[in-house]
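Enquirer: Provided below are the primary sequence and the corresponding predicted coordinates.
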Amino acid sequence: MKSSLISVDFLKNNLMQKNIVVLDCTIKKVTEVNANHTRKYQIKNARFFDIKGVFSDEDSTLPNTVLSPEKFEIRAQQLGICKDSYVVCYDDLGIYSAPRVWWMFQLMGFDNVAVLDGGLPAWKTKNFPVQKPQKAVYFMGDFKVNYKASKLKSTQQVLNAISKSSFLIADARSSERFYAKVPEPRADLKRGHIPNSVNIPYTTVLNSGRLKPKNELVKIFENYKNKEVIIFTCGSGITASILALAAAVAGIKNYAIYDGSWTAWGSSNNLPIAT
């Protein structure tokens, strides 16, 4: 995989290659009013990557907590993913939850993975083949994890990073949420942001559901490219991954995700908060 981002034309031209695995990574937005969000169509032969029901830690009190390497390996194998698979992630909102899955594979040491730029909307615009979502059982793959702990940061590690000028904490939430001007979507969370963090709303790197061109992404991250580590955070780890994808496309490699994000930070009574 030469790029973390591929076009719908590239996927269409290679869709029948035997080692391509297309993953429908759709979830509804946390701010989405319609609680009955359903997947009406999927790319032909896509496999549903169930972020919340299968690929999140069911024992965690926080939403979207990433699985242990052992569990991720088994569940990826159950989707028929192999060591030589070419994994393409997409969602039905253009670019929203697919980067989260791309990052999960990065965390697990699997680099042969990319996000479909524009997702299902871009695919349907070209009238490329779709089908109604189907349940399926796959032959067990031989996928193996090579865990990269540096791609994941804990609350304690983020707390330690606040005072380090060589570290950057970048928050993908909207500026209104970052500056405590509106309530959090989750009613039990405090308002505000992590001290010394910067706000880069995830919409900053997108244009109509697609990632902005590389030269524009390079400009967005220009002032941060020499940081020792960039830690991306958001509400629950989903849109932080969009920034991670954008950073990767811009040529930045030293990034990580704060998995607990504001859901963990804003629910604590023992952590500093800025507004």
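Expert: Yes, it's here. Every value quoted in this text rests on a predicted model; they were computed, and no experiment measured them.
Enquirer: Apart from its chain neighbours, what residue comes closest to Lys29?
Expert: Tyr96 (6.8 Å; C-beta to C-beta, 6 or more residues apart in numbering). Where you see a C-beta, it was placed from the backbone N, CA and C, and this is true even at glycine.
Enquirer: Give me the distance between the one you found and Gln17.
Expert: Distance of Tyr96 to Gln17, computed by C-beta to C-beta, to the nearest Å: 26 Å.
Enquirer: between these two, who's got more neighbours?
Expert: Tyr96 (23 against 9; other C-beta atoms under 10 Å).
Enquirer: which SSE is that one in?
Expert: Of the helices and strands defined by DSSP states H and E, none includes Tyr96.
Enquirer: any idea how far Leu116 is from it?
Expert: 12 Å.
Enquirer: How about Asp142?
Expert: With C-beta to C-beta as the criterion, Asp142 and Leu116 are 24 Å apart.
Enquirer: cool, and Leu217?
Expert: For Leu217 relative to Leu116 (C-beta to C-beta), the value is 17 Å.
Enquirer: repeat for Asp50
Expert: Asp50 sits 18 Å away from Leu116, going by C-beta to C-beta.
Enquirer: try Pro185
Expert: For Pro185, the distance to Leu116 - C-beta to C-beta - is 26 Å.
Enquirer: Likewise for Thr38?
Expert: In this view, Thr38 and Leu116 are 20 Å apart by C-beta to C-beta.
Enquirer: can you check Gly109 too?
Expert: 22 Å.
Enquirer: so where do the strands sit in the stretch 151-275 of the chain?
Expert: Assigned by DSSP state E, counting those that start in this stretch, the strands in the stretch 151-275 of the chain fall at 152-153, 167-171, 198-199, 206-207, 210-211, 229-233, 255-258.
Enquirer: the more surrounded of Thr38 and Leu116?
Expert: Leu116 (27 against 9).
Enquirer: State the pLDDT value of that one.
Expert: Note on Leu116: pLDDT of 98.
Enquirer: Give me the residue ranges of the chain where confidence is low.
Expert: 1, 31-37 (pLDDT under 70).
Enquirer: which residues does the spatially most central residue of it contact?
Expert: Nearest to the mean C-alpha position of the chain, counting by C-alpha atoms, centre = their mean, stands Arg100 at 1.8 Å. Contacts of Arg100 were listed using C-beta atoms under 8 Å, 6 or more residues apart in numbering, and they are 25, 51, 64, 237-238, 241.
Enquirer: who's Tyr86 bridged to?
Expert: Ile20 (DSSP bridges).
Enquirer: what comes up buried for stretch 75-90?
Expert: Neighbour-count burial for stretch 75-90, with 16 or more other C-beta atoms under 10 Å as criterion, is recorded at 75-77, 79-82, 85-90.
Enquirer: nearest to Tyr224, of those residues?
Expert: Cys89 (24.8 Å; C-beta to C-beta).
Enquirer: shouldn't that closest one be in contact with Val21?
Expert: No: the criterion here is C-beta atoms under 8 Å, and Cys89 misses it with Val21 at 9.6 Å.
Enquirer: one step back: mind checking what secondary structure the residue nearest to the centre of the chain has?
Expert: Secondary structure for Arg100, judged by DSSP: H, G, I helix; E, B strand; the rest coil, is helix.
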